[in-house]
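Peer 1: kindly return the folded structure for what I paste below:
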Amino acid sequence: MLQQDLDSLTPTRDFSRRDFVRGGVGVGFAAAVLPVTAQTVIKTDTQGLTVGEVTIPVGDFKMPAYRAQPAGKTGAPVVLVISEVFGVHEHIADVARRFAKQGYCAIAPELFVRQGDAGSYGEIAKLLAEVINKVPDAQVMGDLDATVAWARGQGADVSKLAVTGFCWGGRITWLYSAHNPAVKAGVAWYGRLVGNATPLTPAHPVDLAAKLNGPVLGLYGGQDSGIPLDTVDKMKTALAAGSAAARRSEFVVYPDAPHAFHADYRPSYRKETADDGWKRCLAWFKAHGVA
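Peer 2: Down below sits the predicted model:
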């Protein structure tokens, strides 16, 4: 978790825990982000959609996820929606519904669930120490592979596979695009690009840039103190020396945007920038054969 995430959680209006603490996958908000900024929370309706919690088998483990897709439609393209460190709360579920309105089968898996309930933690430091920092990249890659297999079994078209994610999920977007040959395109929203190798996180996006299977669009903020622009430059250099997909990858840096500028439930939200990023995301997927 980056310091700017902590800074961006300053409340602007108070709400009770009863109203906003998550009661299930895609319901309410994580305790660590309470209270949310009600003035900017976007609500996407479910009309014409099939939505809700599903269970995805990963070996003997049953992983919860939030799924949204057009009702009665088979053969929909697939987009994996990767959450921030707060898990699959209402904002992530709403993003999935936004994709579903565009014709996608959007699936947001709970990737921290073996280590703990990210939504129940009220202290970010404890959330990081007790849950997030114990999640191995290899586990995440396997869980996402299982999610794709589940989508195939539900009749979705996994030959048209995209991945997108925010902050922690932005980093995972880069990693999964290098991991799975089926990924046609990715969009990483302000995901960390460099870092120290550890047993649980042996490689970071800059280390895997040359191996991308699908081109990734990186959407970053010029005022993001946790992701210095020199790391974006390092990533660009690595991409330029990589695969054809790596060389087709691009960055858009919004000069005045902070970290988490897409998070409409937080004070860091920048509507104009978020709207532009969303349009670019949809166009990127379409241009690379996902839509």
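Peer 1: in the stretch 151-291 of the chain, which spans are strands?
Peer 2: Ranges of strands within the stretch 151-291 of the chain are 157-166, 183-189, 216-221, 250-254, based on DSSP state E, counting those that start in this stretch.
Peer 1: of all those strands, which one is nearest Pro199?
Peer 2: strand 157-166 (22.4 Å; C-beta to C-beta). Every residue, glycine included, has its C-beta placed from N, CA and C.
Peer 1: output the contacting helices and strands for that closest one.
Peer 2: Packing contacts for strand 157-166, counted by 3 or more C-beta pairs under 8 Å, 6 or more residues apart in numbering; DSSP states H and E, involve strand 77-82, helix 137-153, helix 168-179, strand 183-189.
Peer 1: that strand pairs with which strands, and in what direction?
Peer 2: According to DSSP bridges, strand 157-166 forms sheet pairs with strand 77-82 (parallel), strand 183-189 (parallel).
Peer 1: so what touches the longest one?
Peer 2: When contacts are taken as C-beta atoms under 8 Å, 6 or more residues apart in numbering, the neighbours of strand 183-189 outside the stretch itself are 160-167, 169-171, 173-174, 176-177, 205, 213-219, 262, 277, 280-281, 284-285, 287-290.
Peer 1: buried ones among those?
Peer 2: 160-167, 169-171, 173-174, 176-177, 205, 213-219, 262, 277, 281, 284-285, 288, 290 (16 or more other C-beta atoms under 10 Å).
Peer 1: check which element follows the least confident helix or strand in the chain by mean pLDDT along the chain.
Peer 2: Lowest by mean pLDDT, DSSP states H and E among the helices and strands of the chain is helix 17-20, with a mean of 32. Following helix 17-20 in sequence order, the next helix or strand is strand 49-58 (DSSP states H and E).
Peer 1: quick one: average confidence on the helix or strand following that following strand?
Peer 2: Sequence-wise, the next helix or strand downstream of strand 49-58 (DSSP H and E) is strand 61-70. Across strand 61-70, the average pLDDT comes to 98.
Peer 1: same check on stretch 91-106?
Peer 2: What stretch 91-106 shows for mean pLDDT is 98.
Peer 1: just the CA coordinates for it, please, in CSV.
Peer 2: The C-alpha trace of stretch 91-106 is given here as CSV (Å, rounded to 0.1, in the frame of the first residue of the first chain):
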residue,chain,number,x,y,z
HIS,A,91,-16.7,0.2,-6.2
ILE,A,92,-15.0,-2.8,-7.9
ALA,A,93,-18.4,-4.4,-8.3
ASP,A,94,-19.7,-1.3,-10.0
VAL,A,95,-16.7,-1.3,-12.4
ALA,A,96,-17.6,-4.8,-13.3
ARG,A,97,-21.2,-3.7,-14.0
ARG,A,98,-19.9,-0.9,-16.2
PHE,A,99,-18.0,-3.4,-18.3
ALA,A,100,-21.1,-5.7,-18.4
LYS,A,101,-23.1,-2.8,-19.8
GLN,A,102,-20.5,-2.7,-22.6
GLY,A,103,-21.2,-6.4,-23.4
TYR,A,104,-18.4,-8.0,-21.3
CYS,A,105,-18.5,-10.9,-18.9
ALA,A,106,-16.6,-9.1,-16.1
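Peer 1: residues in contact with Ala210?
Peer 2: Contacts of Ala210 were listed using C-beta under 8 Å, 6+ apart, and they are Ala238, Leu239, Ala241, Gly242, Ser243, Ala246.
Peer 1: can we see that at 7 Å?
Peer 2: By C-beta atoms under 7 Å, 6 or more residues apart in numbering, Ala210 lies in contact with Ala238, Ala241, Gly242, Ser243, Ala246.
Peer 1: check the gap between the second one and Leu212 for me.
Peer 2: By that I understand Ala241. Applying C-beta to C-beta, to the nearest Å, the value for Ala241 to Leu212 is 12 Å.
Peer 1: looking at the two, which has the bigger crowd around it?
Peer 2: Comparing Ala241 with Leu212 by other C-beta atoms under 10 Å, the one with more neighbours is Leu212, at 26 against 10.
Peer 1: surely the more buried one meets Ala245?
Peer 2: Yes: assessed by C-beta atoms under 7 Å, Leu212 is found in contact with Ala245 at 4.4 Å.
Peer 1: returning to what we had before: quick one, which of the strands paired with strand 157-166 gets closest to Thr40.
Peer 2: Shortest distance between Thr40 and these, using C-beta to C-beta, is found for strand 183-189: 16.5 Å.
Peer 1: could I get the average pLDDT for that closest one?
Peer 2: 98.
Peer 1: report the central residue of this structure.
Peer 2: Gly165 (1.9 Å; C-alpha atoms, centre = their mean).
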